[in-house]
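> Fold the following, please.
(one chain, ligands or ions: 1)
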Amino acid sequence: MRNDVATIHNPVLPGFHPDPSILRVGDDYYLATSTFEWYPGVRLHHSKDLAHWRPVGGALTGQLDMTGNPDSGGVWAPGLSWADGTFYLVYTDVKAYAGGFWDTPNHVVTATSIDGPWSDPAPLHARGFDPSLFHDDDGRSWLLSNRTDWRPGRPWAGGIIIQEYDRAARRLVGEPIDLYAGTAAGMTEGPHLYRRDGWYYLITAEGGTEWFHQVTVARSRDLLGPYVTDPGTPLLTSAHRPDLTLQKAGHGSLVETPAGEWFLAHLTGRPLSPRGRCILGRETAIQRVTWTGDGWPRIDGGVPHEVVDGPDLPAHPWPGEPETDDFATTSLGPHWSTLRRPATADWLTAGGGSLRVRGGRSPGAQSGESLVARRIQHTGVTFEATVAFAPSTYQQMAGITAYYNSRNWYLLRIGWDEEHGPAVDVLSCERGRLGVHGPAVPVDGVARLRLELDGGVLRASYGDVEWGPFDASILSDEHAREDDAGVPRVWGFTGAFFGLWAQDHTGGGLTATFTAATCKPHP
Ligand code: 6LW
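Residues are numbered from 1 along each chain as shown. Sure thing, here's the model as predicted:
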């Protein structure tokens, strides 16, 4: 380990940050990750040393309409690139993935600053997902993606395709070409293309995004191929190493420092126990890459490392996030996300020390939910907030949640029943089955509520009263996935969140007022 450089501690982006697309512009590094059914769409981070990252915030709000998107639909793997002073961001807004067909419309937005504003989206094709743009030295740009195949009896992953993209006209031209069929690992996706020493290098994700995930490299002298797979494939995997902390290693993208050092940003997951459940979702890690004499990239041992020598650059840490959000300003901090609709004043207002949330629809509505949440980034962490809410029927409730998707969550809430009037208790949902957990503790309209996560265990409390322990492992990618005869009906691609949630099933939109939301990792 060298002392003169920043040390990378993986994962660099803990909690739900999958499918990293990394980019350098000058001395600045940027990283885009998937956000699925959460707004703002596409999460962006910035670094000066690859070791320390600060959230820039999200790119897409008004450009996206995720009304009715399924759980783990929405914004899948984005591709961030840069050409002629402009950032290009391509992404899929997945409308459907179950039932054989895939509805995967791809779009591109642009901005001259990473802080935006991002342009209106220009439509691309919907032939597959995991889009990325490659800007060649001759000024031409190309869209890569996978190709999906709905035909029964065929593999759904039809390989990697490429099609020219006209930057000035903002549209695809010509026809897509089959670029790479992939290896025996299968499920070839997540393509990113790079140039080095006269070669085109195609990086793909294979083996599926779970335990058998890997990073595959192929190269060609010509952009359109043929691409030859690295004889030492894969570049990275944890498939044969269940003992490692970092699992699911795959879906990578490369970056080169100005001094010519190379790194790979990639997806990883940290299960609660070996090959167990991942409540933190799929996270982002960074590995150092070297090159063999005949020009193939290598990562030490071909496996993901938790501690990695950073680039030969001075360490550049950023100020940490405050533990307590006092909602002093009218805009939400970059750590907050909202479910299936952007944070707009018709249902959500912040400022003056509180966050006011107008009660919305049930989670199953897949639209109009009133949920503001932040990623759980540690397996030992306490989330607290004060809620003021005055329900007058069982059809109104507000409180704090540990949430995975519409079918798996816990809600410590102020609700109402005939016996107690307004009262605090816990409502849970596991694979769509609701449960109410007493005691119901009468409350005069204001309560400071607490959720404590300790590994696979969740406890709820209000004053001296405790609920639980509850099984927190249901808030995981693995439990969220539900299959029909081996075919996924619901994917689990996101991660667990803590959130502030108000529901009003009367249609009246009763408002809950939240103050002092605190998220504190355990020492
Ligand atoms: C991502 C793709 C994948 O777009 O999962 O299993 C998708 N494969 O690479 C969601 O992260």
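> so who does the closest residue to Gly225 other than its chain neighbours touch?
Distances taken as Cβ to Cβ, 6 or more residues apart in numbering place Leu179 nearest to Gly225, at 5.8 Å, with adjacent residues excluded. Where you see a C-beta, it was placed from the backbone N, CA and C, and this is true even at glycine. Taking Cβ atoms under 8 Å, 6 or more residues apart in numbering as the criterion, Leu179 is in contact with Leu144, Gly159, Ile160, Ile161, Ile162, Pro191, Leu202, Leu224, Gly225, Tyr227.
> Only whichever of those are buried, select them in ChimeraX.
The following ChimeraX command selects only the buried members of the contacts of Leu179, with burial defined by 16 or more other Cβ atoms under 10 Å:
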select :144,159,160,161,162,191,202,225,227
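> just to revisit the earlier point, work out for me the element the residue nearest to Gly225 sits within.
Counting by DSSP states H and E, the element that carries Leu179 is strand 171-180.
> Show me which residues of this structure are close to the ligand?
With Cβ under 6 Å from any ligand atom as the criterion, the chain meets the ligand at residues 18-19, 34, 76-77, 129-130, 189-190, 205, 208-209, 251, 493.
> tell me, how many neighbours does His335 end up with?
The number of residues packed around His335, counting by other Cβ atoms under 10 Å, is 17.
> Quick check on it: phi, psi?
Taking degrees, to the nearest 10, you get phi -80, psi -10 for the backbone angles of His335.
> so how far is the ligand from it?
Per Cβ to the nearest ligand atom, to the nearest Å, His335 is found 20 Å from the ligand.
> could you list every residue that touches that residue?
Residues in contact with His335, defined by Cβ under 8 Å, 6+ apart, are Pro55, Glu321, Arg374, Arg375.
> buried subset of the residues you listed?
Of all those considered here, the ones buried according to neighbour count by 16+ other Cβ under 10 Å are Pro55, Arg374, Arg375.
> so which of the residues you listed would you say is closest to the ligand?
Checking these against the ligand by Cβ to the nearest ligand atom gives Arg375 as the nearest, at 14.9 Å.
> Now for the closest residue to that closest one other than its chain neighbours, how many residues are close by?
Leaving aside its sequence neighbours, Arg375 sits nearest to Gly15 (Cβ to Cβ, 6+ apart; 3.8 Å). For Gly15, the tally of surrounding residues (other Cβ under 10 Å) stands at 21.
> cool, and Pro40?
Counted with other Cβ under 10 Å, the neighbours of Pro40 add up to 25.
> How much space separates it from Arg298?
Using Cβ to Cβ, to the nearest Å, we find Pro40 at a distance of 36 Å from Arg298.
> Could you do Gly359 as well?
Per Cβ to Cβ, Gly359 is found 55 Å from Arg298.
> With neighbour numbers in mind, choose between those two.
For Gly359 versus Arg298, neighbours defined as other Cβ under 10 Å are more numerous around Gly359 (24 against 17).
> got a list of what the residue nearest to the more buried one when sequence neighbours are not counted touches?
Computed as Cβ to Cβ, 6+ apart, the closest residue to Gly359 that is not its neighbour in sequence is Asp504, at 2.8 Å. For Asp504, the set of contacting residues under the criterion of Cβ under 8 Å, 6+ apart consists of Arg358, Gly359, Gly360, Gln395, Gln396, Leu510.
> Please name the nearest non-neighbouring residue to the one residue in the stretch 351-500 of the chain that gets nearest to the ligand.
The minimum distance from the stretch 351-500 of the chain to the ligand, using Cβ to the nearest ligand atom, falls at Phe493 (4.5 Å). Sequence neighbours aside, Ser72 is the residue nearest to Phe493 in space, at 4.1 Å (criterion: Cβ to Cβ, 6+ apart).
> check contacts around that neighbour.
The neighbourhood of Ser72, defined by Cβ under 8 Å, 6+ apart, consists of Phe36, Glu37, Tyr97, Asn405, Ala480, Val490, Trp491, Gly492, Phe493, Thr494.
> sec struct for it, please.
For Ser72, the assignment made with DSSP: H, G, I helix; E, B strand; the rest coil gives coil.
> pLDDT score assigned to Ala6?
pLDDT recorded at Ala6 is 86.
> Same check on Arg2?
Predicted confidence (pLDDT) at Arg2: the value is 50.
> what's the answer for Pro488, then?
In this model, Pro488 is scored at 89, pLDDT.
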